[in-house]
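Visitor: Attaching a predicted model along with its sequence, questions to come.
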Amino acid sequence: MSQQKYSVRVAERADRMLILHTEFLARVSPYAARRLLMDFKKLIKRLEDNPLMFPFADEVDVPNIPLETYRKCLLNKRYKTIFLIEGNDVYIDVIIDCRQENEDLY
């Protein structure tokens with residue numbers, strides 16, 4: 001029996017965020033930047049396999065969202081990834097550095 005695979009799509013905004021986070025890390029540690037990208041690839045694989053394993057995001061994670069719509073996961077211990085599942089598609093909307101204030105992102 002084969003398990004259902006999901007198609008993961010990264011929003012342009014999330015892609016830009018990942019690039020900014022990676023560029024910042026590369027200035028401090030090229031190794032840390034490479035690790036972030038490797039961890040992101042692993043996350044994509046996990047989302048393709050089973051995005052339902054991650055918990056729902058709440059008001060603290062994303063203000064003004066309907067309950068039980070978006071999900072969240074932690075990337076590289078510092079970056080919160082917020083995504084939505086619609087049918088067989090997973091949409092990554094934002095990748096937030098948890099060490100920063102991010103009210104302007106929503």
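Guide: Yep, it's here. Numbers count the residues shown, from 1 in each chain.
Visitor: how about the strands in the chain?
Guide: 7-10, 70-75, 79-86, 89-97 (DSSP state E).
Visitor: packing partners for the longest helix seen in the chain?
Guide: Assignment by DSSP state H gives helix 30-49 as the longest helix of the chain. Under the contact criterion of 3 or more CB pairs under 8 Å, 6 or more residues apart in numbering; DSSP states H and E, helix 30-49 touches strand 7-10, helix 12-28, strand 70-75, strand 79-86, strand 89-97. Where C-beta positions appear, they are placed from N, C-alpha and C, glycine not excepted.
Visitor: Just put the ones you listed in TSV and tack on mean neighbour count.
Guide: As requested, the helices and strands packed on helix 30-49 are arranged in TSV below (neighbours: other CB atoms under 10 Å):
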stretch	mean neighbour count
strand 7-10	15
helix 12-28	14
strand 70-75	18
strand 79-86	19
strand 89-97	20
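Visitor: follow-up on the earlier one: which one, of the strands of the chain, ends up nearest to E48?
Guide: With CB to CB as the measure, strand 7-10 is the member of the strands of the chain nearest E48 (5.6 Å).
Visitor: quick one: average confidence on the closest one?
Guide: Across strand 7-10, the average pLDDT comes to 97.
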